[in-house]
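Asks: here are the coordinates; sequence isn't available:
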């Protein structure tokens, strides 16, 4: 009897639910969406086709994670911390090589001279950073003595910076340049003279009981790491390519922060996963 070859066309098409873009100016959403599409396409022969669907309403970061266990969505992405890894399953491959923890302050252009005068972390700590109320970054900044204005809505953070409700908005190198292209942000700039540096990998998360999806994502991402495709994706995607070459930051002042909520399971022993400045 002839054997039957199992191909992606004989496997059932799966529907994977995501939350929608949190705001019209959240350009980094497309990076993770496009990466997911690529991972699913690369694993199609073994697991079958995937159709990505978005639920109608955006969710805060905390609600997005909790929606994994309630079944509202199947995958989300977020910076990791101890609590999140206890309640949800992370795919422990940093999606942007760890560069989320390299933070450049977004400031008003009119305050450039003031920020050029900052030479110590103590001076920056006298100012107030806008930051997401549910982001691990807020906890990290506060644990290191920085003042933080916690804000729940993403677009409101930029609005508050524009209206002097905070002094700067630390953004990941992977995010900031695409975000500043918006027409309502012409008065803002990324001040590359200062960088805040802490360990905060961005992972895909799934629910604890979704073992099949966990396996597929891990397999697909591991293959991309091994082939170099993930680093190529990071350096060429329209959202992230503007942060390269990283050599441009060699003259920046770097203020190092400790991340007290970083899980011990963070794979620092695998240098191929990380992009160094």
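Replies: All right, it came through fine. Treat the numbers as computed from the prediction; the structure is a model and nothing was measured. Residues are numbered from 1 along each chain as shown.

Asks: any idea where the helices of the stretch 1-150 of the chain begin and end?
Replies: All helices of the stretch 1-150 of the chain, identified by DSSP state H, counting those that start in this stretch, fall at 28-42, 44-47, 61-70, 82-87, 112-116, 121-124, 136-143.

Asks: among these, which is the most enclosed?
Replies: helix 136-143 (a mean of 20; mean count of other C-beta atoms under 10 Å). Just so you know, the C-beta spots here come from the backbone N, C-alpha and C atoms, and that holds for glycine as well.

Asks: for that one, which helices and strands make contact with it?
Replies: Counting contacts by 3 or more C-beta pairs under 8 Å, 6 or more residues apart in numbering; DSSP states H and E, helix 136-143 packs against strand 128-132, strand 147-151.

Asks: list the residues that contact the spatially closest residue to residue 110 that is not a sequence neighbour.
Replies: Among residues not flanking residue 110 along the chain, residue 187 sits closest, at 7.3 Å (C-beta to C-beta, 6 or more residues apart in numbering). Listed by C-beta atoms under 8 Å, 6 or more residues apart in numbering, the contact partners of residue 187 are 108-110, 162.

Asks: so can I have JSON lines of those residues showing distance to residue 239, neighbour count and pLDDT?
Replies: Formatted as JSON lines, those follow (distance: C-beta to C-beta, whole Å; neighbours: other C-beta atoms under 10 Å; pLDDT from 0 to 100):
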{"residue": "108", "distance to residue 239": "23", "neighbour count": "18", "pLDDT": "98"}
{"residue": "109", "distance to residue 239": "22", "neighbour count": "10", "pLDDT": "97"}
{"residue": "110", "distance to residue 239": "27", "neighbour count": "11", "pLDDT": "97"}
{"residue": "162", "distance to residue 239": "22", "neighbour count": "15", "pLDDT": "94"}
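
Asks: measure the spatially most central residue of the chain to residue 250 for me?
Replies: What sits nearest the mean C-alpha location of the chain, by C-alpha atoms, centre = their mean, is residue 202, with 4.8 Å. Using C-beta to C-beta, to the nearest Å, we find residue 202 at a distance of 24 Å from residue 250.

Asks: over to residue 126?
Replies: Applying C-beta to C-beta to residue 126 and residue 250 gives a distance of 27 Å.

Asks: and residue 165, by the same measure?
Replies: 33 Å.

Asks: so those two - more neighbours on which side?
Replies: Applying other C-beta atoms under 10 Å to residue 165 and residue 250 shows that residue 165 carries more neighbours, namely 14 against 9.

Asks: confirm the more buried one sits in a strand?
Replies: No: Residue 165 sits outside any strand when classified using DSSP: H, G, I helix; E, B strand; the rest coil, being coil.

Asks: which residues does the residue nearest to it when sequence neighbours are not counted contact?
Replies: Spatial nearest neighbour of residue 165, excluding adjacent residues (C-beta to C-beta, 6+ apart): residue 149 at 6.7 Å. Residue 149 makes contact with 128-131, 160, 165-166, according to C-beta under 8 Å, 6+ apart.
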